[in-house]
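Engineer: for reference, the sequence and a predicted model appear below.
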Amino acid sequence: MAFVYETAIDPGAENNSHAFTLDIVGYNKRVLEVGCATGYFTKALSDRGCQVVGIEYDAEAAALAEKWAERVVVGDLDAGNVWPELEGEQFDAVTFGDVLEHLRDPLATLRAAARVLKPSGIVVISVPNIAHGDVRIALLQGTFPYRETGLLDRTHIRFFTKTGLRDLIKEAGLVLVDMRRVMMPLFQTELEVKRDSVAESTISMILEDPEAETYQFVAKAVLDNGTRAVNTLADRVNELTDQLQEERAKADVLRKEAARQGRVLMQRDMELLRRELGANRQSLREAQHQAEHYRMQSEALLNTKVFRIVAPLRRLYGALRRTPKALPTSPEP
């Protein structure tokens with residue numbers, strides 16, 4: 001299973017959970033990386049001067065990760081048999097990179113991790129958002145399309161929303177102090193739901209939730225030391241962060257609606273232009289028909305016997321008009 005998730009790490013990447021986690025952890029820390037897999041993220045931590053101890057279920061993957069770690073503890077988090085191996089150790093940071101959703105009891109694991117955290121340490125957690133709009137649309141259509149990776153990874157046992165993640169962190173004896181988001185627009189996830197299969201009214205309703213396009217949450221938490229001021233400040237920070245996220249989501253919805261309305265107006269203007277052009281073409285055709293009709297009438301007149309008979313008289317009349325008139329004579333005395 002571990003090999004499925006191996007990926008390149010770009011510390012400068014935008015909208016990326018690995019980059020967010022690296023930024024939160026920082027440099028030169030002692031880190032416990034829970035679920036280190038083959039060590040692709042371990043190397044990125046090591047490159048930042050961090051000393052890393054890993055925990056991994058797959059022994060083969062753990063052997064590969066040891067290249068960049070102090071050591072890797074092989075064991076089953078749900079069985080709890082890894083924690084005795086870390087007895088007496090403390091860490092500046094504990095990371096759970098898309099791990100908790102694979103566990104039967106993520107709360108027990110998070111509580112155990114909190115016990116090996118320094119008083120000033122941090123926990124960094126990334127989980128997928130089960131409330132992403134693409135999942136909701138799939139459910140509305142009566143499907144729950146599992147995939148090898150992503151929102152509906154077939155190995156996921158637990159599913160998280162923003163509220164569920166916050167509750168888990170609080171129950172583990174931690175205080176949430178920062179929440180970052182990896183965003184993915186509707187209809188662009190691996191679930192492959194199609195826009196033309198959903199009514200616009202349904203899309204608008206889904207987008208009323210500011211987290212509808214959140215693909216992953218990346219949370220930073222610290223130990224809850226019982227100080228009311230810390231908890232109050234953390235709650236206020238989270239409240240302001242949520243308000244900012246809601247405003248961003250609303251602004252994004254307004255931008256999309258404006259773009260859609262722009263397309264509608266453009267289509268309407270194009271339709272009016274096409275109608276006007278069609279009307280002009282019809283008028284032109286009618287004028288052409290009238291001109292052709294008059295031309296044919298003229299030709300018919302020229303070909304009539306009457307026209308040929310009166311032709312000499314018309315020529316004589318024309319000649320007389322061109323002949324100068326005689327000057328009048330003076331009367332005799």
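Structural biologist: Received, thanks.
Engineer: okay, now Ile203: neighbour count?
Structural biologist: 17 (other Cβ atoms under 10 Å). All C-beta atoms are positioned from the backbone trio N, CA, C, and that covers glycine.
Engineer: that one and Leu186 touch, don't they?
Structural biologist: Yes - Ile203 is within contact range of Leu186, at 6.8 Å (criterion: Cβ atoms under 8 Å).
Engineer: shared neighbours of these two, which are they?
Structural biologist: Gly133, Arg195 (Cβ atoms under 8 Å, 6 or more residues apart in numbering).
Engineer: list phi and psi for the nearest residue to Ala113 once chain neighbours are set aside.
Structural biologist: If the residues on either side of it in the chain are set aside, Ala113 comes closest to Val94, at 4.6 Å by Cβ to Cβ, 6 or more residues apart in numbering. The phi and psi values for Val94, taken as degrees, to the nearest 10, are phi -120, psi 130.
Engineer: okay, and the beta partners of Val94?
Structural biologist: According to DSSP bridges, the residues that bridge with Val94 are Leu32, Val123.
Engineer: thought it was touching Lys118?
Structural biologist: No - in this structure Val94 lies outside contact range of Lys118 using Cβ under 8 Å: 9.9 Å.
Engineer: returning to what we had before: need the pLDDT of the residue nearest to Ala113.
Structural biologist: At Val94, the pLDDT value in this model is 98.
Engineer: likewise for Gly12?
Structural biologist: pLDDT, Gly12: 95.
Engineer: where do the helices sit along the stretch 101-250 of the chain?
Structural biologist: 106-114, 133-140, 162-171, 200-207, 228-302 (DSSP state H, counting those that start in this stretch).
Engineer: can you give the domain ranges for this protein?
Structural biologist: 2-225, 243-309 (automatic domain parsing).
Engineer: quick check: which ranges of the chain have low pLDDT?
Structural biologist: 1-4, 228-241, 243-250, 252-254, 256-257, 260-265, 287, 291-319, 321-333 (pLDDT under 70).
Engineer: can you tell me how far His132 sits from Leu176?
Structural biologist: 20 Å (Cβ to Cβ, to the nearest Å).
Engineer: I figured Arg176 hits Val218, correct?
Structural biologist: Check again: residue 176 is Leu, not Arg. No - contact between Leu176 and Val218 fails when scored by Cβ under 8 Å: they sit 11.4 Å apart.
Engineer: what sits against Ile214?
Structural biologist: One correction, residue 214 is Thr, not Ile. Contacts of Thr214 (Cβ under 8 Å, 6+ apart): Asn129, Ala131, His132, Lys162, Arg181, Val182, Met183, Met184.
Engineer: again, only this time at 6 Å
Structural biologist: Asn129, Arg181 (Cβ atoms under 6 Å, 6 or more residues apart in numbering).
Engineer: more neighbours: which of His132 and Leu176?
Structural biologist: Legend: neighbour count by other Cβ under 10 Å for His132 and Leu176, higher for His132 (27 against 23).
Engineer: which one of the domains of the chain is the most hemmed in?
Structural biologist: Mean neighbour count (mean count of other Cβ atoms under 10 Å) peaks for domain 2-225 among the domains of the chain, with a mean of 18.
Engineer: and it, how far out from the chain's middle?
Structural biologist: 20 Å (Cα atoms, centre = their mean, to the nearest Å).
Engineer: what about the closest residue to Tyr5 other than its chain neighbours, helix or strand, and which?
Structural biologist: Sequence neighbours aside, Ala37 is the residue nearest to Tyr5 in space, at 5.8 Å (criterion: Cβ to Cβ, 6+ apart). Using DSSP states H and E, Ala37 falls within no helix or strand.
Engineer: pretty sure Ala37 contacts Ala61?
Structural biologist: Yes - under the criterion of Cβ atoms under 6 Å, Ala37 makes contact with Ala61 at 5.2 Å.
Engineer: what's the end-to-end length of stretch 140-149?
Structural biologist: Chord length of stretch 140-149, first to last residue, is 21 Å (Cα to Cα, to the nearest Å).
Engineer: hmm, I was thinking of stretch 124-136
Structural biologist: In stretch 124-136, first residue to last residue: 27 Å (Cα to Cα).
Engineer: what sits up against it?
Structural biologist: Under the criterion Cβ under 6 Å, 6+ apart, residues 17, 21, 24, 95-98, 100-101, 151, 159-161, 165, 186, 189, 191, 193, 206, 212, 214, 216-220 lie in contact with stretch 124-136.
Engineer: which of those residues fall within strands?
Structural biologist: Mapping those onto strands (DSSP state E) picks out Thr95, Phe96, Gly97, Thr214, Gln216, Phe217, Val218, Ala219, Lys220.
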